[in-house]
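> Sharing a model prediction with you, sequence too.
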Amino acid sequence: MSTPVPNLGAPHPGATSELAVSDGLIAETTEVAAAPGKKKKRGYGLTFWMATVWLVVVLICAVFANLLPVRDPLTPDVINKLALPGEAGLLGTDGLGRDTLARLVHGARVSVTISVTAVAIGMVVGGFLGIISGFFRGKTETILMTIINIILAFPALVLLLVLLAFVGRSLVVISLIVGFLSIPIYTRVARATTLAVAEREFVRASRTMGAKNSRVLAREILPNVVLPVAAFGLVAMGVVIVLEGTLAFLGLSVQQPAPTWGGMIFDGKRYLNEAPHVVLIPSIAMFLTVLSLNLVGDALRTRFDVRGSNL
Amino acid sequence: MYVLRRLPSLLATLFAVSLLTFLMTSLLPGDPALQILGAENATPEAIAAVRADLGLDDPLPVRYLHWIGDALTGDFGRSYRTNEPVSEAIIDRLPVTAEIGILAIIIALLVAIPVGMLSAYRAGTRTDKLISSTSFGLLAVPNFMVAIFLILIFAVWLGVLPATGWVNFTDNPVQNLRSALLPALSLAIAEMAVYTRLLRTDMIGTLQQDFVTMARVKGVSNRRILFRHALRPSSFSLMTVAGVQVGAIIGGSVVIETLFALPGVGRLLLEAVLVRDLLMVQGVALVIAVSYVVVNFTVDILYSYLDPRISHGRSAARV
């Protein structure tokens, strides 16, 4: 009989990713990660760097969309519609003959703007609230966490739909609302991390040496909370990109004809029969971006996990 | 008893959720009276009359009490658009969403439990790496993408399953399952990945524990160790997360029902939102949020029964 030997040599990066929302569970799973015999790998590996390169490419496209040598994303060219990649333009054209590559590049702008703004808002506000409630505990924490649990009691998309429909749907509004809605999640992550950090020896040492709350917060807690929260933020960025796609599907994203990845997939759905590549190409772009964000976020999270084995 | 101890917090959450639903939809801009009348009939007197009729001029607390009092007796008012009673609209469409959601969770668990266990049992091997990276990749595929490709494969290329439409279970059970399969599968794929990864992590931890070694020493078969000894203590976070993920399924059902043209609650909400049908939005959002809270409460209770080690007393130690 072969005996199963659970090999924990290299816990899969981000084994805790799904649990980030639930602070009680984080401790449970990271114990696994801290199991004996774990050898800390120094390098990040090829996939990590490939993912990083892809993200940089997307970022460059988003920032310099107007300067890059691509065609106009809005000019229709009906004669060349639904062209295969290479036939007209590098990546073909959509149902109106608009250049797919150009639309991808300009669509990156929407995805990047929404996700960066939303994550920044959520991270700063939520991170602040989380650190405060995790550090001071007591009534502040109780009240804050109650409010947050109530907001989290709504499925996010439902809340988003209701708000969007009544407030409007420009790029700015969508970014702000998504950012606002993501505050609770960051609060929970930051609080969970703060709770763990606050128990550590160096915090106690700092206290013993007479450091005031403000100093402990700024010098001991904050530096140890920022990185895990930022790593979570990268994964959350992927969620926001998917969310934009979802909104586009529901006809609630940034208004047409502005190209967005979600909008491109939605439009292409009509030509699924005759020209699946019209859907396929933006789907691949979105998939690779989200996958890269997950990969990088998880790799960083594993690295910055404050409860690592080497204490 | 744990259930009783948690009951006040459940009621408080439900109250807060209803209040939030109400405020969210009531404080937002847009005059329902104008919508009911339409732009051409909207004389100031008519608007005033309709507003008085709907009680829109009452102070907010009074309006909330009216609304929640009626809601508790199952009366959510009538749609401003179609004059259809909101509760009837919801009851009509709830079975569709529930069927797809439950089917999705069942499919996801049926795949995730064996696959996650296999992955943990063979941790570090090629099988494990394949499973882990596949599930990691699946996490990056949004449900609408899954849906499109399922439609492409099963409806367009193979032509074995319908791409859109819904058949009631009572009309034709087989057709009903056929129409529910692709939507449920679209929702299940991402859940599958989440569950698999979670179970794998927890299972690896469990398999290292002393009682597993003990069982092995006694010569208990691998199958028995995995299913009888290790599965239960490994499934607690799976359960909790499955509860939390119901929110993702509900959110996903808005998209999936729209894509597959299914008459479910998700699409009802979207349509109501698009035409700003205030009472309909309020009613549907309340029903969704309440079901979500109740599901997670139930999971929490089940959890405490399944895991006798957990006393659910005070929070962990403080400094």
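Structure's in. What do you need?
> Can you pull out the low-pLDDT segments for the chain?
Using chain A here. Scanning chain A for pLDDT under 70 picks out A:1-43, A:88-89, A:166, A:256, A:305-311.
> should've been chain B
Where chain B drops to pLDDT under 70, the residues are B:1, B:28-32, B:35, B:39, B:307-319.
> count of residues packed around B:Val241?
B:Val241 has 22 neighbouring residues, counting by other CB atoms under 10 Å in any protein chain shown. Every C-beta, even on glycine, is put in place using the N, C-alpha and C of the backbone.
> before we move on, what about the one 3 residues further on?
By the criterion of other CB under 10 Å, B:Val244 has 19 neighbours.
> do B:Ile100 as well
Using other CB under 10 Å, the number of residues around B:Ile100 comes to 30.
> Just the element for the residue in the stretch 151-300 of chain B that chain A sits nearest to, please.
Nearest residue of the stretch 151-300 of chain B to chain A: B:Gly251, at 3.2 Å (CB to the nearest CB). For B:Gly251, the host element (DSSP states H and E) is helix B:236-259.
> Next secondary structure element downstream of that helix?
Trace forward from helix B:236-259 with DSSP H and E and the next one is helix B:265-274.
> got the angle for that next one vs helix B:236-259?
Between helix B:265-274 and helix B:236-259, the angle comes out at 60 degrees (axes from the mean of the first three to the mean of the last three CA atoms, to 10 degrees).
> Distance check, B:Thr240 against B:Thr298.
Going from B:Thr240 to B:Thr298 by CB to CB, to the nearest Å gives 11 Å.
> Have a look at those two and say which one is more surrounded.
Set B:Thr240 next to B:Thr298 and count neighbours by other CB under 10 Å: B:Thr240 wins out with 21 against 13.
> Isn't the more buried one up against B:Ile301?
No: with contact defined as CB atoms under 8 Å, B:Thr240 does not reach B:Ile301; the gap is 11.7 Å.
> what sits in contact with each of these two?
When contacts are counted by CB atoms under 8 Å, 6 or more residues apart in numbering or on different chains, B:Thr240 and B:Ile301 have no shared neighbour.
> How about residue 272, nearest residue that isn't a chain neighbour?
No chain was given, so I picked chain A. Excluding the flanking residues, the one nearest A:Leu272 by CB to CB, 6 or more residues apart in numbering or on different chains is B:Leu152, at 5.5 Å.
> That was the other one, I meant chain B.
Nearest residue to B:Ala272 in three dimensions, chain neighbours excluded: B:Met280, at 3.7 Å (CB to CB, 6+ apart).
> mind listing what the one you found touches?
Residues near B:Met280 by CB under 8 Å, 6+ apart: B:79-81, B:86, B:89, B:268, B:272.
> what's the closest of those to A:Leu288?
Proximity of the contacts of B:Met280 to A:Leu288 was ranked by CB to CB; the top entry is B:Leu268 with 34.5 Å.
> In space, what's closest to the closest one - neighbours in sequence excluded?
B:Leu268 sits nearest to B:Arg93 (CB to CB, 6+ apart), 5.1 Å away.
> Sticking with that neighbour, tell me its helix or strand.
Here B:Arg93 is covered by helix B:86-121, with elements defined by DSSP H and E.
> For that helix, what is the distance to the chain centroid?
Taking the mean of its C-alpha atoms, helix B:86-121 sits 9 Å from the chain's own mean (CA atoms, centre = their mean, to the nearest Å).
> Pull out the buried positions in the helix or strand that that helix is followed by.
The helix or strand immediately downstream of helix B:86-121 is helix B:126-138, counting by DSSP H and E. Neighbour-count burial for helix B:126-138 flags B:128, B:131-132, B:135-136, B:138 (criterion: 16 or more other CB atoms under 10 Å in any protein chain shown).
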